[in-house]
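Enquirer: what follows is a protein structure lacking sequence information:
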């Protein structure tokens, strides 16, 4: 949820300006012609040093290699006091190449265990602070070696990911080797025993800030020996004995702040801390279920009010700190402050809007403009999370935030690009922001991210593909995605990426791009991309329901293209989708609808339709037709309508007890489309069948034969319900008045009254139109009424395929048959009126063509 052409770096007009970007004039940066006209070697040393200070270590080293002057200036100790390696691959070879510059290095941020092993090779004996994330694989041995080689360490921060392979042994090594330690913060250490804590108490007399969070086992009594500690956090730690904890920790003489959030602390312990501690000023107890259950609900409301007022104000003031590290942590805190459920992308709107009211969006956007990549990343993350709230998203857009995020998405720093992509993902949810993202170059930036980091972590790729999926839902943006190379990028991810979140978003993006088949060529282009359809078919077998759902949705949309339809079948799509439908009884509504929809799309062709029936696809569609969910049973009815066109499938529907569900839909569904398509399926099944009886249901092994069903009787019952469906649109007074007057306006009023707008999206083949024309000649009044009603829906002006149907009817000689039906004394009144309206529609389309 949370989401380098390099940023322009400039100062106020009173100071010298330095611009290090080579972007286009439109972005306010130097163009290439201007840069070529500058003699960079004549710049004052102070200006060059300032320029170096804006660069990450790789760019700094690259620039320093261009000439001797830059090499000397780029190696100055003032430029190498801190290093942020979190977004770069950092191994022993890289460390050795940097070691000559790192003798005075004091602050280091790194990423992952491999970097931890390389730290020793930097030979930065003066190192004071280290901060590492994604440290799951850091071992006791690695941390002990770091401690032994850097005895000047004052701050060690490892997390927020769990340090699962670190134990009390490494903490003891830190205590013995680093007596100047002032701050120690670790997440997920499996055990912090008494020996380790007592070693800290004995050797690290200046230790002020201690955090052992999300740990399984801590010796809480030993923590009481850390007499110098001012700030203590055990957030998320389990198995603490709060009776003894409150007694021991309340005697810590300098304890000012205590964080017990996400623990099972109780009201009694909190009360004792607050009443007995000598200097305790702040106690954090957020998301503590035992404590909250014991606290009066009115007090809980006071807590919420506190965070909305004072809590938000504190964070906003920290964003304005003059210290970049404080600003970065404040931005991180804002990003966390507003989140309720990260998994489902939900935020506390009141908190988000409190930040908005406090001018927090302007503050965060200013930080995002910083040349410090850590600030860019955390500010973008906060903007991304806040933008889930629609009011904040509007403010971000109006304040130029979309342009800032689009530029950050071009960053060479993966963490910055990832958070910027997350911001664009959340903003792209709103239709009103899609155009702005496209105009600022956001679409190309997102596509380029996929090509730049195709094997990156799932976070960046999921955010980029998620944003493209949202943008692809807009017709204009979908074309820009294709022009930017988005089809190839998304297919590449669908084929090769193993992260389920990325697979899901890539499939969703392809589905949205393919949804505009009538207005652009994206649908066909996806089908022509090598391996696209095969990849989507394989995703149908994913263990992740979200992936299966989006892949089925993509195949559904792609099946509207004739070539794609047959290619999907050739790639094993029929088998995959039948299996998906068969296993969808307990699946989500979205998956059931898409599974039925994809089979509906494939069943347009005779070959696929027969294959679906023979491979067992009819029974699961009948089961989905029984669903109470409108979208599900409507889609299943559409698939069964297509399948029922062929006699073999029609018999299977009868055999699999499909008549009753279709009758029920025809009579009772609240969806007019579901009723309409169920009626058409029943008409196809019984518009002239001569079978006397058919077997119904599976035959138990112990019986010699299946039970049989009299198809004639079942057909009469089904067609009776079809007749009732058609009559439900019949108003005797209006119809007889129209029949008597023959005034065009009367027919127009009836047509609009009985029109089913969604039916205008249905497309019939020539064979289907011929079949409806044959029904007009049938002596059955029910078939006459149903066929004229259907042709009326298919030819209504404004329908997507009305002109197509009009041409097929003309080729089939339908006007003569329709005139005969309208004039027949034996035809039911509704069939006569419907036939007249169809003739009127055909005349309208003929006039349009001429």
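Expert: Yep, it's here. The structure displayed is predicted, hence computed values, not measured ones. Numbering: from 1, shown residues only.
Enquirer: when you work out contacts or count neighbours from here on, use the C-alpha atoms and nothing else.
Expert: OK.
Enquirer: tell me where the stretch 251-400 of the chain has helices.
Expert: Counting by DSSP state H, counting those that start in this stretch, the stretch 251-400 of the chain has helices at residues 267-276, 289-294, 297-306, 312-319, 324-337, 349-357, 360-368, 373-386, 390-398.
Enquirer: no wait, the stretch 51-200 of the chain
Expert: 57-64, 68-74, 92-98, 112-119, 140-149, 168-177, 194-203.
Enquirer: can you check the stretch 551-700 of the chain too?
Expert: Ranges of helices in the stretch 551-700 of the chain, per DSSP H, counting those that start in this stretch, are 562-570, 573-582, 589-602, 606-614, 618-625, 630-643, 647-655, 659-668, 672-685.
Enquirer: for residue 257, find the nearest of these.
Expert: helix 589-602 (47.9 Å; Cα to Cα).
Enquirer: next, format the helices of the stretch 551-700 of the chain as JSON lines and append mean pLDDT.
Expert: As requested, those are exported to JSON lines (pLDDT from 0 to 100):
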{"stretch": "helix 562-570", "mean pLDDT": "95"}
{"stretch": "helix 573-582", "mean pLDDT": "97"}
{"stretch": "helix 589-602", "mean pLDDT": "97"}
{"stretch": "helix 606-614", "mean pLDDT": "96"}
{"stretch": "helix 618-625", "mean pLDDT": "97"}
{"stretch": "helix 630-643", "mean pLDDT": "97"}
{"stretch": "helix 647-655", "mean pLDDT": "94"}
{"stretch": "helix 659-668", "mean pLDDT": "96"}
{"stretch": "helix 672-685", "mean pLDDT": "96"}
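Enquirer: now stretch 152-164: average pLDDT?
Expert: The pLDDT scores in stretch 152-164 average 90.
Enquirer: burial of residue 497, as a residue count?
Expert: Applying other Cα atoms under 10 Å, we find 19 residues neighbouring residue 497.
Enquirer: go ahead and confirm it touches residue 455.
Expert: Yes: Residue 497 lies in contact with residue 455 (Cα atoms under 8 Å); the separation is 7.4 Å.
Enquirer: so of the helices of the stretch 251-400 of the chain, which one's packed in deepest?
Expert: Highest mean neighbour count among the helices of the stretch 251-400 of the chain (mean count of other Cα atoms under 10 Å): helix 373-386, with a mean of 30.
Enquirer: kindly list the longest helix within the chain.
Expert: Across the chain, the longest stretch assigned as helix under DSSP state H is helix 829-849.
Enquirer: mean pLDDT for the helices of the stretch 51-200 of the chain: which is lowest?
Expert: Comparing the helices of the stretch 51-200 of the chain by mean pLDDT, the weakest confidence falls on helix 112-119, with a mean of 72.
Enquirer: about what we covered before: buried sites along the longest helix of the chain?
Expert: Of the residues in helix 829-849, 829-842, 844-845 count as buried by neighbour count, 16 or more other Cα atoms under 10 Å.
Enquirer: spatially central residue for this protein, please.
Expert: Nearest residue to the geometric centre of the chain (Cα atoms, centre = their mean): residue 466, 4.5 Å.
Enquirer: list of residues touching the longest helix of the chain?
Expert: Under the criterion Cα atoms under 8 Å, 6 or more residues apart in numbering, residues 727, 730, 735-736, 738-739, 747-748, 751, 781, 784-786, 788-789, 791-792, 795-797, 803, 806, 815, 818-819, 821-824 lie in contact with helix 829-849.
Enquirer: picking up where we left off before, just put the helices of the stretch 251-400 of the chain in a markdown table and tack on distance to residue 61.
Expert: Formatted as a markdown table, these follow (distance: least, Cα to Cα, whole Å):
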| stretch | distance to residue 61 |
| --- | --- |
| helix 267-276 | 52 |
| helix 289-294 | 51 |
| helix 297-306 | 48 |
| helix 312-319 | 31 |
| helix 324-337 | 23 |
| helix 349-357 | 39 |
| helix 360-368 | 24 |
| helix 373-386 | 17 |
| helix 390-398 | 36 |
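Enquirer: adding distance to residue 524 and mean pLDDT, write these out as CSV.
Expert: What follows is those, written out as CSV (distance: least, Cα to Cα, whole Å; pLDDT from 0 to 100):
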stretch, distance to residue 524, mean pLDDT
helix 267-276, 64, 90
helix 289-294, 54, 85
helix 297-306, 53, 71
helix 312-319, 49, 93
helix 324-337, 41, 90
helix 349-357, 42, 93
helix 360-368, 40, 97
helix 373-386, 34, 94
helix 390-398, 34, 96
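Enquirer: quick one: which of the ones you listed is nearest residue 712?
Expert: helix 390-398 (58.6 Å).
Enquirer: counting contacts, what elements does the closest one pack onto?
Expert: helix 349-357, helix 360-368, helix 373-386 (3 or more Cα pairs under 8 Å, 6 or more residues apart in numbering; DSSP states H and E).
Enquirer: so can I have CSV of those showing distance to residue 307?
Expert: Formatted as CSV, the helices and strands packed on helix 390-398 follow (distance: least, Cα to Cα, whole Å):
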stretch, distance to residue 307
helix 349-357, 8
helix 360-368, 15
helix 373-386, 16
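Enquirer: just to revisit the earlier point, out of the helices of the stretch 251-400 of the chain, nearest to residue 571?
Expert: Nearest to residue 571, of the helices of the stretch 251-400 of the chain and by Cα to Cα, is helix 373-386 at 39.1 Å.
Enquirer: and the angle for that closest one with helix 349-357?
Expert: 130 degrees (axes from the mean of the first three to the mean of the last three Cα atoms, to 10 degrees).
Enquirer: pull the residues that contact helix 373-386.
Expert: Residues from elsewhere that reach helix 373-386 (Cα under 8 Å, 6+ apart): 1-3, 84, 324, 327-329, 331-332, 334-336, 338-339, 347, 352, 361, 364-365, 367-370, 392-393, 396, 405, 408, 413, 415-417, 419-420, 422-424, 426-427.
Enquirer: try 6 Å
Expert: Helix 373-386 has contacts (Cα atoms under 6 Å, 6 or more residues apart in numbering) with 2-3, 328, 331-332, 334-335, 352, 364, 368, 416, 419-420, 422-423.
Enquirer: just flag the most distant two among these.
Expert: 352 and 416 (21.8 Å).
Enquirer: list the buried ones in stretch 583-601?
Expert: In stretch 583-601, counting by 16+ other Cα under 10 Å, buried: 584, 589-601.
Enquirer: right, I mislabeled it, should have said stretch 809-822
Expert: Here stretch 809-822 shows 809, 812, 814, 815, 817, 818, 820, 821, 822 as buried, counting by 16+ other Cα under 10 Å.
Enquirer: could you do stretch 75-95 as well?
Expert: 75, 79-88, 90-92, 94-95.
Enquirer: looking at these, spot the one nearest residue 711.
Expert: Nearest member of the buried residues of stretch 75-95 to residue 711, counting by Cα to Cα, is residue 87, at 70.0 Å.
Enquirer: any idea how far the closest one lies from residue 133?
Expert: Using Cα to Cα, to the nearest Å, we find residue 87 at a distance of 11 Å from residue 133.
Enquirer: for residue 733, see how far away residue 749 is.
Expert: Computed as Cα to Cα, the residue 749 to residue 733 distance reads 13 Å.
Enquirer: cool, thanks, signing off.
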